[in-house]
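Q: The following comprises the amino acid sequence and a computationally predicted model.
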Amino acid sequence: MKAVVKYDHRDQCVEIRDIPAPEINADQVLVRVAAVGVCGSDIHMWHEHQSWKIKMPVVMGHEFCGTIAEVGKNVKGFTPGERVAVETAAYVCGECIFCKSGNYNLCPSRLGYGNLIDGAMAEYVAARPQILHRIPENVSFEKAALTEPVCVANRAVIEVSNIKPGDLVVIQGAGAIGILSMLMAKISGAGTIIVTGTGIDQHRLEIAKKLGAHYTVDIQEENPAELVRSLGDGYGADLVVDCTGVSTALQQAMELVRPLGAITKVGWGPQPMNFSLDPLVAKAARIQASFSHTYATWERSLTLMRTGLIDLDPILGGVYPVEDWKTAFEQMERGNHIKSVIRIN
């Protein structure tokens, strides 16, 4: 089968290769991949800028959906032909306290698609039935491929953060997770929402404004702290959500957050911080992190997509055949799309 493979720890060492199709065991299903979203982390891996361990070579891609092609003999509840979206946790131990308490996203033995297990930019993927979710009839494969980033935003903003109606919320970053986090803040009742980005994000910031952001800020042109201090009681944001993947964003978040406010960090960044956390202490503000998602997050997110509470049309920037994977990556990297999707089958 054809697959998009990262084959070396160097910049742009990614190509389409012919590799064997996976074989499933009695407890797995074989998914014929229909569509896979391009994540910012895929672009980091393309350029060898990732801050996490990966196997080599590895098939890329972890935001995906498809059709069940084959069912292992021990699998119950699924049949060939069903449309499914698939979680990223390809393997968890099932025995640790995190797995047993339902927090399997934090399993120390977790292996994710597209980094430690071959991912979904391929014709077929083997999957555990525990991470399959049926796609609503009114959700296309192209949109179902965006379920995973919807879940990341859902987990960070709705499940981890504590937005109260009327809160002032700042979203740092205008990529897919940032825009989706803005939408989650909107449906949670945030009174004022600010989305920040850089010069490359002008198109994305325009979309954020159309989708409900009250203010957008290019941080290369304007200090968002001045805007934040001009709003409400002037003490700062109730919540700042860092979706940038740039470590220095935390320094800015500490300036933006109000005393007793909160910072939720979602983005990953390999850079050292090189600044003090004392301002956070002085404000008695809290910092919390959000990683991945769980089964319930996926079910709720698919419901948000089915009912139209989350509008994915402006976020889906372009759909590309697998042969044009590089164009899909480049269009996101240049800021022309919030999200690129690759059609596989």
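A: Yep, that arrived.
Q: element containing the spatially most central residue of the chain?
A: The centre of the chain sits closest to Pro149, judged by Cα atoms, centre = their mean, with a distance of 3.2 Å. Here Pro149, judged by DSSP states H and E, is contained in helix 147-153.
Q: Met332 versus the residue lying closest to Arg155 once chain neighbours are set aside, what's the distance?
A: Computed as Cβ to Cβ, 6 or more residues apart in numbering, the closest residue to Arg155 that is not its neighbour in sequence is His293, at 4.5 Å. To be clear about C-beta, it is placed using only N, CA and C from the backbone, and glycine gets the same treatment. When Cβ to Cβ, to the nearest Å is applied, the distance between His293 and Met332 equals 21 Å.
Q: Could I get the average pLDDT for the one helix or strand Ile193 maps to?
A: Here Ile193, judged by DSSP H and E, is contained in strand 192-197. Confidence for strand 192-197, expressed as mean pLDDT, is 98.
Q: What helices and strands are in contact with it?
A: In terms of contacts (3 or more Cβ pairs under 8 Å, 6 or more residues apart in numbering; DSSP states H and E), strand 192-197 is packed against strand 168-172, helix 176-187, helix 202-211, strand 215-218, helix 224-229.
Q: any chance of these in CSV, plus mean pLDDT and distance to Glu70?
A: Rendered in CSV, the data for those read as follows (pLDDT from 0 to 100; distance: least, Cβ to Cβ, whole Å):
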stretch, mean pLDDT, distance to Glu70
strand 168-172, 98, 41
helix 176-187, 98, 31
helix 202-211, 96, 39
strand 215-218, 98, 47
helix 224-229, 97, 51
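Q: List the contacts of Asp118.
A: Ala3, Pro22, Val58, Val59, Val125 (Cβ atoms under 8 Å, 6 or more residues apart in numbering).
Q: who are the neighbours in contact with the residue nearest to Met184 when sequence neighbours are not counted?
A: In space, and not counting its chain neighbours, Met184 is closest to Val157: 3.8 Å by Cβ to Cβ, 6+ apart. Taking Cβ under 8 Å, 6+ apart, we find Val157 in contact with Ile163, Ser181, Met184, Ala185, Ser188, Val241, Thr264.
Q: got a list of what the first one touches?
A: Contacts for Ile163 (Cβ under 8 Å, 6+ apart) come out as Val157, Val169, Ala185, Ser188, Gly189, Ala190, Asp238, Leu239.
Q: what's the neighbour count on the third one?
A: In other words, Ala185. The number of residues packed near Ala185 is 28, by other Cβ atoms under 10 Å.
Q: beta partners for the residue nearest to it when sequence neighbours are not counted?
A: Of all residues beyond its chain neighbours, the one nearest Ala185 is Val169 (4.6 Å), with distances taken as Cβ to Cβ, 6+ apart. Legend: beta-bridge partners of Val169 under DSSP bridges are Ile193, Leu239.
Q: Would you mark the buried spots in stretch 184-195?
A: Residues of stretch 184-195 classed as buried by neighbour count (16 or more other Cβ atoms under 10 Å): Met184, Ala185, Lys186, Ser188, Ala190, Gly191, Thr192, Ile193, Ile194, Val195.
Q: Closest one of these to Lys100?
A: When the buried residues of stretch 184-195 are compared for distance to Lys100 (Cβ to Cβ), Met184 comes out closest, at 28.1 Å.
Q: Please tell me how far that closest one sits from Val29.
A: 30 Å.
Q: now Asn105
A: 21 Å.
Q: Quick one: list the elements packing against the strand or helix carrying Val33.
A: When elements are defined using DSSP H and E, Val33 is found to belong to strand 29-37. Strand 29-37 sits against strand 63-71, strand 83-86, strand 124-127, helix 141-144, strand 339-343, with contacts defined as 3+ Cβ pairs under 8 Å, 6+ apart.
Q: Please export the C-alpha coordinates of the longest one as PDB.
A: It refers to strand 63-71. The C-alpha trace of strand 63-71 is given here as PDB (Å, rounded to 0.1, in the frame of the first residue of the first chain):
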ATOM      1  CA  GLU A  63      -6.200  12.600  12.700                       C
ATOM      2  CA  PHE A  64      -8.200  10.200  10.600                       C
ATOM      3  CA  CYS A  65     -11.400   8.300   9.700                       C
ATOM      4  CA  GLY A  66     -12.400   5.600   7.300                       C
ATOM      5  CA  THR A  67     -14.500   2.500   6.800                       C
ATOM      6  CA  ILE A  68     -14.100  -0.800   8.600                       C
ATOM      7  CA  ALA A  69     -12.700  -3.300   6.200                       C
ATOM      8  CA  GLU A  70     -12.200  -6.300   8.400                       C
ATOM      9  CA  VAL A  71     -13.100  -7.300  11.900                       C
END
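Q: Having no further points to raise, I will conclude here.
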